[in-house]
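# okay, here's the prediction I keep looking at, along with the sequence it came from:
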Amino acid sequence: MLRGLIFDVDGTLADTESAHRAAFNHAFAEFGLDWHWDDVLYTDLLNVTGGKERIQHFIQTARPDLSKFSALGMAESVNRLFELKTKAYVRSVNDGAVSLRPGVLELMNEALAQGLLLAIATTTSAPNIAALLGRAMGPDWRKNFAAIGDGSSVLIKKPHPQVYLRVLETLQLEPAQCLALEDSSNGLRSATAAGLATLITPTRYTAHNDFGAAMRVVPDLSQVDLAQLRLWHAENRPVAALA
């Protein structure tokens with residue numbers, strides 16, 4: 001029996017990646033760097049989960065000029081860049097640059113009304129979650145979620161299953177009692193490694209990913225209701241993506 005829904009955040013609850021990319025570029029400029037991540041580069045960087053990890057990967061692979069880092073050192077500079085990026089992203093969310101994807105709030109409200117537990121399992125930061133859901137659901141948004149796992153709550157980020165395992169432990173539910181909702185192959189790998197059936201709602205940044213292990217792939221959550229999810233969860237057979 002389905003008793004809990006576990007949501008990823010970036011890409012799943014909201015199509016956030018354009019705002020994240022802009023926030024990274026804002027942070028680079030504020031730090032005095034001439035780096036610029038365009039859509040093509042950022043799409044590739046999304047294979048790396050976590051903002052700090054993404055910056056570090058870029059440094060290791062693109063080998064940009066690091067002369068601005070000399071005063072603070074590498075680790076502190078990356079931390080400062082991530083702080084600047086987070087502030088820029090939160091400002092953009094508060095200014096209305098990001099909203100929930102179609103069907104997200106309706107499904108959450110339906111699940112809560114029917115007694116299901118809601119949870120979050122993400123690699124993004126707590127301030128990012130609070131900005132997005134506070135704006136969409138109001139100041140008491142946290143009361144709707146029985147468990148929240150974010151980027152600071154685990155040592156190993158997706159595609160490792162640690163964040164899902166932590167959330168399941170908090171919910172005191174078995175994987176077979178829950179459904180994960182994701183938008184990317186890294187999220188899918190994380191959820192399935194934790195034993196969770198997974199519904200995928202891709203974005204333009206993840207549409208090229210391999211979703212062969214997904215329970216279903218749908219354009220967005222306006223395409224389904226809780227009754228349909230219960231049926232699919234009970235069947236839990238892989239099928240072709242819906243157009």
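Received it, and whenever you're ready, just let me know what you need. Numbers count the residues shown, from 1 in each chain.

# sec struct for L118, please.
strand (DSSP: H, G, I helix; E, B strand; the rest coil).

# with adjacent residues omitted, what lies nearest to it?
F145 (5.1 Å; C-beta to C-beta, 6 or more residues apart in numbering). The way it works is simple: take the backbone N, C-alpha and C, and place the C-beta from them, glycine included.

# again with S184
T206 (4.4 Å).

# same question for G96.
Nearest one to G96, counting by C-beta to C-beta, 6+ apart, is R135 at 7.7 Å.

# low-scoring stretches of the chain, by residue?
Where the chain drops to pLDDT under 70, the residues are 237-243.

# quick check: most distant residue from the centroid of it.
A71 (32.9 Å; C-alpha atoms, centre = their mean).

# coming back round to it: can you name the residues that contact the residue nearest to G96?
93-94, 96 (C-beta atoms under 8 Å, 6 or more residues apart in numbering).

# show me which of the residues you listed are buried.
V93 (16 or more other C-beta atoms under 10 Å).

# that older thread, the residue nearest to S184: which element?
Counting by DSSP states H and E, no helix or strand carries T206.

# check contacts around it.
So T206 contacts 11, 46, 183-185 (C-beta under 8 Å, 6+ apart).

# measure the residue farthest from the centre of the chain to D34 for me?
17 Å (C-beta to C-beta, to the nearest Å).

# can you check A146 too?
45 Å.

# how about the secondary structure of L188?
Going by three-state DSSP: L188 is helix.

# test my guess that it contacts A213.
Yes. Look at L188 against A213 with C-beta atoms under 8 Å: they come within range, at 5.9 Å.

# of those two, give the one with the bigger neighbour count.
L188 (28 against 15; other C-beta atoms under 10 Å).
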